[in-house]
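Chemist: no sequence on this one, just coordinates:
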Ligand SMILES: Nc1ncnc2c1ncn2[C@@H]1O[C@H](COP(=O)(O)OP(=O)(O)OP(=O)(O)O)[C@@H](O)[C@H]1O
Ligand SMILES: C[C@H](N)[C@H](N)CCCCCC(=O)O
Ligand SMILES: [Mg+2]
């Protein structure tokens, strides 16, 4: 398999999907959401398809598509399904594969498996996506500690939101992680504005093998 990069976050709704779309597009890569919980808006894969400009065959099919927008372990139970961890190995792909979790790193996949446990198995570099808003220092440092405790390689932290120079620098310094960049709030948010913002605020080489 070619290189995979895992995108996790400090919380749900922090901007993982938007960041993943920008990254996958910039790398001319592929995208995989192993478990989609909540199908009303087509799910994160549909968002990435729209925002990245990648061809449909670069959006790999989810292993599980669950109806309820909640933690995957519970969404699976509500759908009467058992999530089989062996189906959650990254699929073969000849492009850089961007893999998005769900919520934060300690979200349960099943009642005895967390996303972070999967990341530890995969040993692919992880990008932590974090808000810049108040509260992010604590959420980011907790997430970094949880990843480190499991021996997960951290590529760096990507911020989303308005600039908050001190919080961003404080997290990078205390957490001992690289600040990869910050995606500003985009209005409108579309394929062109996202690609431009990624180019302006991140170095693609930081994500290359
Ligand atoms: N840079 C941005 N500019 C404007 N809107 C953004 C930006 N980043 C994220 N958003 C918006 O914030 C919301 C949450 O973002 P997103 O879906 O990427 O979060 P997530 O971390 O992937 O959540 P989940 O845990 O559900 O997968 C979405 O409505 C998205 O369009
Ligand atoms: C439904 C949501 N958009 C995500 N797909 C799943 C978020 C799970 C969060 C669980 C939690 O931390 O309480
Ligand atoms: Mg998402």
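Modeler: Cool, got the structure. Keep in mind the model is a prediction, meaning the values are calculated, not measured. Numbers count the residues shown, from 1 in each chain. Ligands and ions are numbered 1, 2, ... in the order given.

Chemist: next SSE after the longest helix along the chain?
Modeler: When the chain is scanned for its longest helix (criterion: DSSP state H), the result is helix 136-149. With elements assigned by DSSP states H and E, the helix or strand that comes after helix 136-149 is strand 154-160.

Chemist: That following strand vs ligand 3: in contact?
Modeler: No - if you take CB under 5 Å from the ion as the test, strand 154-160 misses ligand 3, and the best it gets is 11.5 Å. To be clear about C-beta, it is placed using only N, CA and C from the backbone, and glycine gets the same treatment.

Chemist: Quick check: next helix or strand after that strand?
Modeler: Next along from strand 154-160, by DSSP H and E: helix 165-175.

Chemist: Quick one: list the elements packing against the following helix or strand past that following helix.
Modeler: Remark: after helix 165-175, the chain's next helix or strand is strand 179-183, criterion DSSP H and E. Identification of packing neighbours for strand 179-183 by 3 or more CB pairs under 8 Å, 6 or more residues apart in numbering; DSSP states H and E yields helix 16-26, strand 154-160, helix 165-175, helix 191-201.

Chemist: Can you give me the pLDDT of the residue of the chain positioned farthest from its centre?
Modeler: Farthest-out residue of the chain from its mean C-alpha position, per CA atoms, centre = their mean: residue 80, at 26.3 Å. If you check residue 80, the pLDDT there is 98.

Chemist: Tell me if I am right that it is in a strand.
Modeler: No - secondary structure assignment places residue 80 outside any strand; it is coil (DSSP: H, G, I helix; E, B strand; the rest coil).

Chemist: what would the helices and strands packed on strand 179-183 look like in JSON lines with mean pLDDT and distance to ligand 1?
Modeler: Output for these, formatted as JSON lines (pLDDT from 0 to 100; distance: least, CB to the nearest ligand atom, whole Å):
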{"stretch": "helix 16-26", "mean pLDDT": "98", "distance to ligand 1": "3"}
{"stretch": "strand 154-160", "mean pLDDT": "98", "distance to ligand 1": "5"}
{"stretch": "helix 165-175", "mean pLDDT": "98", "distance to ligand 1": "15"}
{"stretch": "helix 191-201", "mean pLDDT": "98", "distance to ligand 1": "7"}
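
Chemist: which of those is buried the deepest?
Modeler: Of all these, helix 16-26 has the most neighbours on average by mean count of other CB atoms under 10 Å, namely a mean of 25.
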